[in-house]
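Asks: could you work out the structure for the sequence below:
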Amino acid sequence: MFKKIDKVLAAFGNIKAMERLHVDDFTENIITNIEGTKIAESKYGQVIAEVEELNGYTFLEVAILSHTNIKTMKGASLVFTTLNDSFTIQSDTQEIESDFSNVSNRYMTQISFNVTPEDIVRINEKDFEEVQLAYKKRAIPFKKIN
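Replies: Take a look at the predicted model:
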């Protein structure tokens, strides 16, 4: 019933009704074709990561699929926690913003992190129990996928 009302309102030029009716195939296509390996998940979402090299620098390209809109101008960090210790990697970019797909009703956040060869080895060997995305004063927890 609400869709019918939105269609009528959109026909009269209501911008909010037009936005609700818009189907975002572009973002959904990106979400379904993410490259990388799922390394962690929780009820809050999933972490998909892939190591990339560019001009001798190594980056961890991370895509986070969640129901949380992540937006910050101060960067983010991934905290990998083991039973004995933890290690943290910082984002390469400071401005981070999620893209919303109204098809699957979730946000996709792509973040590039600076990593060392030691970090890559630990991530590839899954030498962690939990991953936490920390930004602003918030943190989203994820558990390792076996």
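Asks: quick check: pLDDT value at the one residue sitting closest to the centre of the chain.
Replies: Here the mean C-alpha position of the chain is nearest to the C-alpha of I64 (Cα atoms, centre = their mean), at a distance of 1.9 Å. At I64, the model reports a pLDDT of 94.
Asks: isn't it up against D99?
Replies: No - contact between I64 and D99 fails when scored by Cβ atoms under 8 Å: they sit 11.0 Å apart. Backbone N, C-alpha and C define where each C-beta goes, glycine included.
Asks: quick check: neighbours shared by the two?
Replies: Shared contacts of I64 and D99 (Cβ atoms under 8 Å, 6 or more residues apart in numbering): 108-109.
Asks: quick check: buried residues in stretch 105-115?
Replies: Across stretch 105-115, burial judged by 16 or more other Cβ atoms under 10 Å covers 106-111, 113, 115.
Asks: tell me the helix or strand right after the lowest-mean-pLDDT helix or strand in the chain.
Replies: When the helices and strands of the chain are scored by mean pLDDT, DSSP states H and E, helix 25-32 comes last with a mean of 57. Using DSSP states H and E, the helix or strand that follows helix 25-32 in sequence is strand 37-42.
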